[in-house]
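Q: I'll drop the sequence and a predicted model, then ask my questions.
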Amino acid sequence: MAKDVLVLAEVYRDALADVTWELLAAGRTIASATGGQVLALVLGPNGAAHAPALGAADRIMVVDDPRLADYAPGPYVAALQEVTAAEQPRAVLLGATSIGWDVAPLLAARINAPLVTGCKEIQPEGEALRVATSFCGGKMMAEVRVDGAPAICMVLPGSFRPADAAGQAKIEPRKLPSPLEPGAVRFDGWVLPEAGDVDITQQDVLVSVGRGIQQKDNLELAENLAGALGGAVCASRPVIDQGWLPATRQVGKSGMTVKPKFYLALGISGAPEHQEGMKGADLIIAVNTDPQAPIFDIAHYGAEVDVLDLLPALTEAIEAKRG
Amino acid sequence: MNIAVVVRQVPDLIEPLEIAPSGTEFDFGSASFLLNESDDHALEQALLLKEAHGGHVTVVALDFGDVDNTLYTAAAKGADRIVKIARDDAPPPPRAAAVLYAEAIKPIAPELVLVGVQAHDELDGGVAPFLAAALGMPYVGVIRGVAVGAEPGAVAAFKEFPGAVMARMNVKLPAVLGILGADQPPRYVPVSRIRGAMKTTQFEESAAAAVSSEPLTAIARLYPPAAGSRAEMLSGSETEIASRIVDILAQKGLVK
Ligand SMILES: Cc1cc2nc3c(=O)[nH]c(=O)nc-3n(C[C@H](O)[C@H](O)[C@H](O)COP(=O)(O)OP(=O)(O)OC[C@H]3O[C@@H](n4cnc5c(N)ncnc54)[C@H](O)[C@@H]3O)c2cc1C
C-alpha cells in the first residue's frame, strides 16, 4: 500500500504560497498513520532556494527545468505526473490556488485518479481517506470517501494549522527522463495592478461591500460611512466584476489579503474565497439579511438587517458620536 | 472565431439546501435553479470576442433545472446556436458530465471552448479541465478576460493571481479556458427580447452519450457546516444596532 504523501510546494513570484505549510501539516497527519513520509516538490530553476523553509517535509524534491521558470500548465502537470509515477504516493496535496485549480484536475484526468476539492479535513481510514470538503459557497459540507491512490486533494487555505518551517530535510535534485515540452499555453508576462488607488492593505478600517449592495448608486452610502470612520471602501468579487470599483479594492483569493483593525462586511455571504482575504481582521462585523450566511461564522458580531437601512443609520450614529 | 460555451444550472443558495433522506444527495424538490455565475461570464466573453472579431457562438447545456430559460436568454444575448443534451436525471458529477459535453462539442469543431471555472455544487474540480482532457485540448483556468493575440491562431488569456495580479498566458488554439470573469459584466437583456427568442430559437438536441465510468469518490454524507464560534448577533431597530456598533468601536478606540 502506498504510504507517502506528495505536497506541491507552489512558488508564486519567487515566494512559496502560504498554503504550503498547511499542506505539509495535513500531509503529516496522513503519512504518520502508516509510517509514510511527507515529500515536498518544488518546481523551477530556483527551487532549491526554498528548501530551508520546507523543513517539515521528510524529503524535498526539486525539479530544475527551464520550462518551469514561469507557470504553464503543460510542463507543470508533466513534471508532477513524472514524480507521482516514480514515488507512488498515497495522496497528492495541492492548495486551492490559481495554479492548484489548473493542475489538480489536469493531473487527475491524466492519471485517472480521484480528486476532491475544497478539502478542510483529511483523515486516513484504513487504506482509504475520509475528506471533509466545503462547497456551495461555504454553505454545505460533504464527507467524501476516497478509495483509490493517489488521492488528489485540493486544500482550502486556512483549514489546517501550518507546520513549522524549521527542519533538516535534504534536497534531492530530480532529473526528468526527458526535457519538458513547452505545451500550447505559455506564460507571457505579469500584468500588475495600476498604482495610484488607495492601498486597502494599509487601512485600519475597511467598509466592505458585496452583492447585497445591489446597485452602483448605493456605493455612496458605503463611501459616506468610510469617510465618517476614516477608512476606505473595498469589496467582494461580484462588485469588482460589475466594474463598480477597481480590482485593487477586491478582498480575497484573487484580490488583497487585509488585516485591518475593523472590517465591516456588508451584504457579503462569506464564501471561502472571500474569507481567505479577510479573516485575520481584528474585529469583524457582518451585516446580512440571511441568518445562514457563512460570514457569521467568522464575524465577531453580526446583524440580520438590510444594509441599505443600516448604512445611513450607522453613518449618522458615528457622526453624532464624533460631534 | 468558432466558440463553444458550456452553461450549467446550479441550485440557488438563497434558499437553504435540503438534504435527501439518504443523507448523501440533495433533495432538489423545492430548490430553484439559476445559471452558474462563471458560465454567465464565459458566455459574455464569447459574445465579446465574436462582436470584436466575428465568428459563431454555440451554447451547450445539459437538459436540467430551468435550462430552457437560460438558453433562450443566451440566444437573446446573441448566441448563434443552442445545443441541448437530452437527459432525464440530474447532471452527473463534473468528470462524467465533461464526457457528455465533449461528445456534444466535438461535431462543432470549435477553436475555443469557454466554460466557467467553477460551479458551487461541484466537489471534484470542475467541468472545464476535465472537458479539456476529454477533448484532448490544452487548458488554462481562473481567467479574467481574453484577447485575440498578436500571434495568429492564439489568444491571450489573463489568469488571476493573488493581489490583483494577472499572468498573461499565450494560448494556442484550439483550447479550453476556465473563465472566472469576462472583460465586461454579463450584459442585461430585456424580457421582450427573451420572449422573442423563445419564438424564433430552435434548440438542437444532442443525445447523451452513455457515461460508464465508475465514480472514483463516494459521498458518505452531506451536512451543514458546524456553527463554529458564531457571531454575537445584534438585534433591534437599525438605530439600535447602529448605536451598539458605535459602542463596540468606541470601546476599541476606533471612533473617538
Ligand atoms: C478561483 C476563485 C477566486 C475567487 N476570488 C475571490 C476573491 O478574491 N474575492 C471574493 O470576494 N470572491 C472571490 N471568488 C468568488 C467567491 O466564490 C464568491 O462568489 C464571492 O465572494 C461572493 O460574493 P458576495 O458575498 O458579495 O456575493 P453572494 O455570495 O451573492 O452574497 C451576497 C450576500 O448578500 C446578502 N444580501 C442580499 N441583499 C442584502 C441586503 N439588502 N442587505 C443585507 N444583505 C443582503 C445575501 O444574503 C448574500 O449572503 C473567487 C472564486 C473563485 C472560483
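A: Nice, I can see it.
Q: When you work out contacts or count neighbours from here on, use the C-alpha atoms and nothing else.
A: OK.
Q: any chance you could map the helices in the stretch 151-300 of chain A?
A: Using DSSP state H, counting those that start in this stretch, the helices of the stretch 151-300 of chain A run over A:219-229, A:237-241, A:272-275, A:295-298.
Q: what about the second one, near the ligand?
A: Yes - shown here: helix A:237-241 in contact with the ligand (C-alpha under 6 Å from any ligand atom) through A:237-238.
Q: Residues touching that helix, excluding its own?
A: Helix A:237-241 has contacts (C-alpha atoms under 8 Å, 6 or more residues apart in numbering or on different chains) with A:209-211, A:245-247, A:249-252, A:274, B:181, B:184-185.
Q: follow-up on the earlier one: just name the most buried of the helices of the stretch 151-300 of chain A.
A: Across those, averaging neighbours per residue (mean count of other C-alpha atoms under 10 Å in any protein chain shown) puts helix A:295-298 on top, at a mean of 26.
Q: following the longest strand seen in chain A, which helix or strand shows up next?
A: The longest strand of chain A (DSSP state E) is strand A:115-125. Going down the chain from strand A:115-125, the next helix or strand is strand A:128-135, by DSSP states H and E.
Q: List the contacts of that following strand.
A: Here strand A:128-135 makes contact (C-alpha under 8 Å, 6+ apart) with A:116-124, A:140-148, A:151, B:120-123, B:225.
Q: mind redoing it with 6 Å?
A: If you take C-alpha atoms under 6 Å, 6 or more residues apart in numbering or on different chains as the criterion, strand A:128-135 is touched by A:118-123, A:141-147, B:120.
Q: Just the buried residues of the helix or strand of chain A with the lowest mean pLDDT, please?
A: In chain A, no helix or strand scores lower on mean pLDDT, DSSP states H and E than strand A:170-174, which sits at a mean of 89. Using 16 or more other C-alpha atoms under 10 Å in any protein chain shown as the test for burial, strand A:170-174 gives A:171, A:174.
Q: how much space is there between the nearest residue to residue A:45 once chain neighbours are set aside and the ligand?
A: Distances taken as C-alpha to C-alpha, 6 or more residues apart in numbering or on different chains put residue A:64 closest to residue A:45, at 4.4 Å, once the chain neighbours are dropped. Residue A:64 sits 28 Å away from the ligand, going by C-alpha to the nearest ligand atom, to the nearest Å.
Q: do the same with residue A:276
A: Using C-alpha to the nearest ligand atom, we find residue A:276 at a distance of 8 Å from the ligand.
Q: Among the contacts of helix A:237-241, which ones lie close to the ligand?
A: Near the ligand, judged by C-alpha under 6 Å from any ligand atom, the entries from these are A:210-211, A:250-252, A:274.
Q: Reformat those into TSV and put distance to residue B:116 and pLDDT next to each item.
A: Shown next, in TSV, are these (distance: C-alpha to C-alpha, whole Å; pLDDT from 0 to 100):
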residue	distance to residue B:116	pLDDT
A:210	20	98
A:211	19	98
A:250	20	97
A:251	21	98
A:252	19	97
A:274	18	98
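Q: Identify, from the residues you listed, the entry nearest to residue A:42.
A: Residue A:42 lies nearest to residue A:252 out of those, by C-alpha to C-alpha, at 25.0 Å.
Q: any idea which residue sits dead centre in chain B?
A: residue B:39 (3.0 Å; C-alpha atoms, centre = their mean).
Q: so it touches residue B:7, yeah?
A: Yes - look at residue B:39 against residue B:7 with C-alpha atoms under 6 Å: they come within range, at 5.3 Å.
Q: quick one on the thing from earlier: which among the contacts of strand A:128-135 gets closest to the ligand?
A: Of all those, the ligand sits closest to residue B:120, with 7.8 Å by C-alpha to the nearest ligand atom.
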